[in-house]
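K.L.:
Pasting the sequence and the predicted coordinates here, then a few questions.
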Amino acid sequence: MSRLTEFAKRLRRDTTDAERLLWSRLRASQLSGHKFKRQQPIGNYIVDFVCFDAKLIIELDGGQHADQDEADRSREAWLRSQGFRVIRFWNNDVMHNLDGVLERIMENLASYPPKKKGIVDA
C-alpha cells in the first residue's frame, strides 16, 4: 500500500467536526444519488471529498489554509488540469450554514446526473 493511501486512511480516521458533518450528508449517495468518496488520493494529492461521475471536488479549509494560498492554488490548478472542478468551503461555513453549503454543492452537481447502477454507457 502506498504512503499516500496510508495517509488517506489516517485522515479518514481523524476527521474534523466539519468533515464529519458534511460527510454525514454526502455519504451513501444521499445528495441526489451522487456517490462521493472522502479523503481520496488523486495524483499526488488527497482531496477531502470527490464525486468522480461529476468530476467535482469539495475541499474544506480551516484556519491553517490562510497560510497555504500558494500551495492551494498550485494543487487546484493541477486538479483542474485533470478535468475536475474544485469548490472550497470554510469549516465555519459547514458548521453554521450547512444548508447553504449543500445548496452550492447541488448547484454544481445539477448538470451532472448520477450514473445509474447496472446501466452501461453506449
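P.N.:
Perfect, thanks for sending it. Everything numeric in this text was worked out from a predicted model, so none of it was measured.
K.L.:
When you work out contacts or count neighbours from here on, use the C-alpha atoms and nothing else.
P.N.:
OK.
K.L.:
And the residue nearest to residue 98 when sequence neighbours are not counted, how far from residue 30?
P.N.:
Excluding the flanking residues, the one nearest residue 98 by CA to CA, 6 or more residues apart in numbering is residue 22, at 7.6 Å. Note on residue 22: its distance to residue 30, by CA to CA, to the nearest Å, is 11 Å.
K.L.:
Between the two, tell me which one has more neighbours.
P.N.:
residue 22 (18 against 12; other CA atoms under 10 Å).
K.L.:
For the more buried one, give its distance to residue 96.
P.N.:
On the measure of CA to CA, residue 22 and residue 96 end up 11 Å apart.
K.L.:
same for the lowest-mean-pLDDT helix or strand in the chain, what does it pack against?
P.N.:
Ranking every helix and strand in the chain by mean pLDDT, DSSP states H and E puts helix 3-13 at the bottom, with a mean of 75. Using 3 or more CA pairs under 8 Å, 6 or more residues apart in numbering; DSSP states H and E as the contact criterion, the neighbours of helix 3-13 among helices and strands are strand 37-42, strand 45-51.
K.L.:
For these, give me JSON lines that also has mean neighbour count.
P.N.:
Listed next are the helices and strands packed on helix 3-13 as JSON lines, based on neighbours: other CA atoms under 10 Å:
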{"stretch": "strand 37-42", "mean neighbour count": "19"}
{"stretch": "strand 45-51", "mean neighbour count": "21"}
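K.L.:
Closest to the centroid, which residue in the protein?
P.N.:
In the chain, the centroid-proximal residue (CA atoms, centre = their mean) is residue 49; its distance is 2.1 Å.
K.L.:
residue contacts, that one?
P.N.:
Applying CA atoms under 8 Å, 6 or more residues apart in numbering to residue 49 gives the contacts 36-40, 57-59.
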